[in-house]
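Visitor: structure here, sequence nowhere to be found:
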Ligand code: ATP
């Protein structure tokens, strides 16, 4: 089915059609849940209102996200069904650029879907995929939703959680982790709970965080720490909301 997508890149809605295609393919492969289709539709509406581009403020958040991941002792990239369908290779590249672990973490966890996503990530170059042991817990969530790996998300200091459910984003924040959230909705609880909210399409955000990580890799910890300290998450959310409410779609 991957070959069936033959829309030319010059098509004005190329990225949006490619996104839909990847999500549809993800559902067919057993990677993405049907709920993932709804999440995709919701994201697409916000992306349209944001002008389907990376704003200056999102780019700044992506730079800070890269700095946080580089500074971390144990960074983990959390991957759900939509993330695996949309940016599998890009997640592997980001993990390599920042020394992060990759962990599959599902809202609707089934062993089959966990395995299918881990296989899909390995096909895209991942060496090690965590999340299958489920020997750790996120406190404050019901049993299934709380499952994580003890040597993965449970012991991470910085976690990238793209397209995450609000409850889990809040619970991870309550565990004292620095959370980087990628979410096109600046009003979602996940984005609001984040130390670094990245209001951008994951398709653009992940490669851009990697590019920033590459550019920042030679910088001192002090320089990276200043970047992180000077970042204002509320201002980033407010800038995105302002674009959505008052932006010029033309
Ligand atoms: P919350 O519980 O945080 O209020 P929600 O119930 O809206 O969130 P979901 O329906 O699970 O959350 O949707 C996931 C989120 O992912 C939505 O806010 C949506 O805007 C966002 N999203 C969907 N597709 C993308 C994408 N391609 N890039 C970035 N964000 C996306």
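Guide: Perfect, thanks for sending it. Small disclaimer: the values here were computed from a predicted structure and weren't measured. Residues are numbered from 1 along each chain as shown.

Visitor: please count neighbours and contacts with C-alpha atoms only from this point.
Guide: Will do.

Visitor: report how many residues lie close to residue 225.
Guide: 14 (other CA atoms under 10 Å).

Visitor: is it fair to say it lies in a helix?
Guide: Yes: under DSSP: H, G, I helix; E, B strand; the rest coil, residue 225 sits within a helix.

Visitor: so what's the most centrally placed residue in the chain bridging to?
Guide: The residue lying closest to the centre of the chain (CA atoms, centre = their mean) is residue 162, at 2.3 Å. With DSSP bridges as the criterion, residue 162 is bridged to residue 182.

Visitor: just checking, it touches residue 79?
Guide: Yes: the pair residue 162 / residue 79 is scored as a contact, 7.3 Å apart, by CA atoms under 8 Å.

Visitor: for the closest residue to residue 24 other than its chain neighbours, give its distance to the ligand.
Guide: Computed as CA to CA, 6 or more residues apart in numbering, the closest residue to residue 24 that is not its neighbour in sequence is residue 37, at 7.7 Å. In this view, residue 37 and the ligand are 9 Å apart by CA to the nearest ligand atom, to the nearest Å.

Visitor: just residue 62 next, same as before
Guide: Look at residue 62 and the ligand: by CA to the nearest ligand atom, they are 13 Å apart.

Visitor: in three-state terms, label residue 103 for me.
Guide: strand.

Visitor: got a list of what it touches?
Guide: Counting by CA atoms under 8 Å, 6 or more residues apart in numbering, residue 103 makes contact with 76-79, 129-131, 149, 152-153.

Visitor: name the member of these with the most neighbours.
Guide: Most surrounded of the contacts of residue 103: other CA under 10 Å gives residue 153, at 31 neighbours.

Visitor: alongside the ligand, which residues does this structure contribute?
Guide: 39-40, 42-43, 163-166, 182-185, 188-190, 200-202 (CA under 6 Å from any ligand atom).

Visitor: how does it look with 5 Å?
Guide: 39-40, 43, 163, 165-166, 183-185, 188-190, 201-202 (CA under 5 Å from any ligand atom).

Visitor: find the least confident helix or strand in the chain, judged by mean pLDDT.
Guide: Lowest by mean pLDDT, DSSP states H and E among the helices and strands of the chain is helix 143-146, with a mean of 86.

Visitor: what residues sit buried inside that one?
Guide: Under the neighbour-count criterion of 16 or more other CA atoms under 10 Å, helix 143-146 has 145-146 buried.

Visitor: how distant is that helix from the center of its chain?
Guide: 20 Å (CA atoms, centre = their mean, to the nearest Å).

Visitor: after it comes which helix or strand?
Guide: Next helix or strand after helix 143-146 toward the C-terminus (DSSP states H and E): strand 147-148.

Visitor: what are the pairing partners of that next one, and which direction each?
Guide: strand 136-137 (antiparallel).

Visitor: let's test this: mean pLDDT of the partner strand, rounded?
Guide: For strand 136-137, mean pLDDT rounds to 96.

Visitor: ditto for stretch 174-194
Guide: Per-residue scores along stretch 174-194 average to 96.
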